[in-house]
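Visitor: A predicted structure for the sequence below; I have some questions about it.
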Amino acid sequence: MTPARRPTTPVFAALGLLVAGLGLAAIHVAVRAPGERARLAESTRLVKVLGLTDLALFTEARYTRHPSMADLHTAFQDNPMSFEHFPSGLFIAPPAHLPGGQIGQSEKDFPQ
Amino acid sequence: MTPWLRRQRALADYTLSALGRRKGKNISLVVIYALIVFLVASIMMFSSGMRREADLVLSEAPELIVQQLTLGRHELIAGGEVEKLAAIRGVTAAKGRLWGYYYDRLNGANYTVMVPDDPTIKLEQGQAILGEAIPRSRGLSWEGAPLFLSRFEGDLVKFDVVDTLSHDSALVSADLMLITEQDFRDFFGLEPDVYTDISVSIRNEREIATIIAKAEKVMPKARFVTRADISRTYQKLFDWREGLLVTLAIAAILAFGIFAAEKASGLSAEETREIGILKAIGWDTGDVIAMKLWEGALVSVGAFLTGAVAAYVHVFLGGAGLFAPVLKGWSVLYPDFALTPQIDVLQLTTLFLVTVLPYVAATLVPIWRVATGDPDQVMR
């Protein structure tokens, strides 16, 4: 008579597999590291030789393509009181010097 | 196996059999739990990957960029300002940069057109070097295919594509188009002695503030963007994105929290009776608590491991497919790159502590009350 299979056997095996999965991920990190270093070095080299300032992540508008070079009030640059056009504008934080959540105060409310 | 281990294994066996009696409910609990861990871990891995990438790549950005502002907008800067900046003590070099945007009506994409200031890049008039996304989007699939650009109806300017920037640098160069200074000025109709902005190299980074103070006197209307500002912009951008995604996920996390707390902390009449029977047949309080501990640990550790491994696969092997549409936005051109795989042990530990520990604690508290009671009272 074969002994009944204990319920922990498959569950512990599955947990072991998952831990092995994390181990494989660590191996993947190590295996990919030299190639990734070369890729980043190439990007860094290009940034240096061309004097680039921004990542080419959002190419849809000038203030999302070059957030660090953009005008200070980019959200309203195309038209006063215009709404934000682009979804990536959602991901760009408002400038730190603007008081959050308040619109339409007088000039003296803004730190100069 | 030592008697202690044998005992623990037997307790785990019993717990699993008990969990198996409510299979559907428990499997759905683990699946939802794992999904929540997957979502939060994906957001954490993706955002920290992007932050790290931006930090590293932009560490070589120009120390200082000087922009002219007119009517609150970025304006062309006169060539004479370059010499004024170069004359400031501590400045190694000041160079006028020429770059701008071109909207291509054919594919609806924006290109960043730039004049390279690097002697190793050999370009002649009428030639262009393109970032990897432009030929991809324009369908210039064969070697040497020229690029035709039209600025207005009836206009056509031809550029011979002499090279394509390496795929490795796509993150910073996907939409770049490099042309000669003469071509740039002709194409955009620029005066001979104006620039988009000025990049300033500074010998000692600690002198930047002093140099800006001096430059402000010479160019009072200019805006100064330092390398630290650029880095801060990106750190903030990705912090903001991470916060926003987590905020969106909070509703799901809260719903799960309520579900899990209800499941873990409130004992059903059936479970209470089961504990009463176990105590009546001789289990002591320690055994009952150990059994429940096993239940909490198996559920939460299983869900944590599944979620974490799936998040790694999603972000670093699957190209963060869930976030890609949000990242691409309305862009026609976007860099084709995979994030550098990285496992942040501190990040994973934090996630483990905030997901596994509360669940295990929530299972333990109510059981303690029942397990220490009199079996006869508990069973009633």
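Guide: Right, received. Where do you want to start?

Visitor: and the strands in chain B?
Guide: B:64-70, B:73-75, B:77-78, B:91-97, B:99-104, B:109-114, B:127-130, B:147-149, B:157-164, B:176-178, B:194-195, B:197-202, B:222-226 (DSSP state E).

Visitor: would you mind finding the most buried of those?
Guide: strand B:176-178 (a mean of 25; mean count of other Cβ atoms under 10 Å in any protein chain shown). Using the backbone N, CA and C atoms, a C-beta is placed for each residue, glycine as well.

Visitor: given that one, what are its sheet partners and their directions?
Guide: Applying DSSP bridges, strand B:176-178 is found paired with strand B:109-114 (parallel), strand B:127-130 (antiparallel).

Visitor: dump the last one to PDB, restricted to CA.
Guide: The C-alpha trace of strand B:127-130 is given here as PDB (Å, rounded to 0.1, in the frame of the first residue of the first chain):
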ATOM      1  CA  GLN B 127      23.300  64.600 -44.100                       C
ATOM      2  CA  ALA B 128      21.500  63.500 -40.900                       C
ATOM      3  CA  ILE B 129      22.000  61.000 -38.100                       C
ATOM      4  CA  LEU B 130      18.800  59.700 -36.700                       C
END
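
Visitor: returning to what we had before: redo the strands of chain B as a markdown table? Include mean pLDDT and distance to residue A:41.
Guide: Putting the strands of chain B into a markdown table (pLDDT from 0 to 100; distance: least, Cβ to Cβ, whole Å) gives the following:
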| stretch | mean pLDDT | distance to residue A:41 |
| --- | --- | --- |
| strand B:64-70 | 91 | 23 |
| strand B:73-75 | 84 | 31 |
| strand B:77-78 | 94 | 32 |
| strand B:91-97 | 93 | 23 |
| strand B:99-104 | 92 | 23 |
| strand B:109-114 | 92 | 21 |
| strand B:127-130 | 94 | 19 |
| strand B:147-149 | 93 | 28 |
| strand B:157-164 | 92 | 19 |
| strand B:176-178 | 95 | 18 |
| strand B:194-195 | 96 | 29 |
| strand B:197-202 | 94 | 20 |
| strand B:222-226 | 92 | 24 |
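
Visitor: between these, which gets nearest to residue B:322?
Guide: strand B:109-114 (24.3 Å; Cβ to Cβ).

Visitor: could you check the angle strand B:91-97 makes with the closest one?
Guide: Per axes from the mean of the first three to the mean of the last three Cα atoms, to 10 degrees, the angle that strand B:109-114 makes with strand B:91-97 is 140 degrees.

Visitor: wouldn't residue B:304 be in contact with residue B:353 here?
Guide: No. Under the contact definition of Cβ atoms under 8 Å, residue B:304 does not touch residue B:353, with a separation of 10.2 Å.

Visitor: who's more crowded, the two?
Guide: Taking other Cβ atoms under 10 Å in any protein chain shown, residue B:304 and residue B:353 do not tie; residue B:304 has more neighbours (23 against 10).

Visitor: mind checking how far that one is from chain A?
Guide: Using Cβ to the nearest Cβ, to the nearest Å, one obtains 9 Å as the distance from residue B:304 to chain A.

Visitor: make CSV out of the strands paired with strand B:176-178 and add distance to residue B:370.
Guide: Shown next, in CSV, are the strands paired with strand B:176-178 (distance: least, Cβ to Cβ, whole Å):
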stretch, distance to residue B:370
strand B:109-114, 65
strand B:127-130, 70
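
Visitor: now do the domain split for chain A, please.
Guide: A:15-52, A:53-94 (automatic domain parsing).

Visitor: let me know which of those is tucked in deepest.
Guide: domain A:53-94 (a mean of 18).

Visitor: can you lay out the strands of chain B as CSV showing distance to residue A:39?
Guide: Listed next are the strands of chain B as CSV, based on distance: least, Cβ to Cβ, whole Å:
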stretch, distance to residue A:39
strand B:64-70, 25
strand B:73-75, 31
strand B:77-78, 34
strand B:91-97, 25
strand B:99-104, 23
strand B:109-114, 20
strand B:127-130, 19
strand B:147-149, 25
strand B:157-164, 16
strand B:176-178, 16
strand B:194-195, 31
strand B:197-202, 24
strand B:222-226, 26
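
Visitor: list the residues that contact residue B:356.
Guide: B:297, B:300-301, B:304 (Cβ atoms under 8 Å, 6 or more residues apart in numbering or on different chains).

Visitor: tell me which two of these sit farthest apart.
Guide: B:297 and B:304 (10.2 Å).

Visitor: how close does the residue lying closest to residue B:371 once chain neighbours are set aside get to chain A?
Guide: Leaving aside its sequence neighbours, residue B:371 sits nearest to residue B:288 (Cβ to Cβ, 6 or more residues apart in numbering or on different chains; 4.1 Å). Distance of residue B:288 to chain A, given as Cβ to the nearest Cβ: 18 Å.

Visitor: in this structure residue B:288 contacts residue B:276, no?
Guide: No. Assessed by Cβ under 8 Å, residue B:288 is found out of contact with residue B:276, at 10.0 Å.
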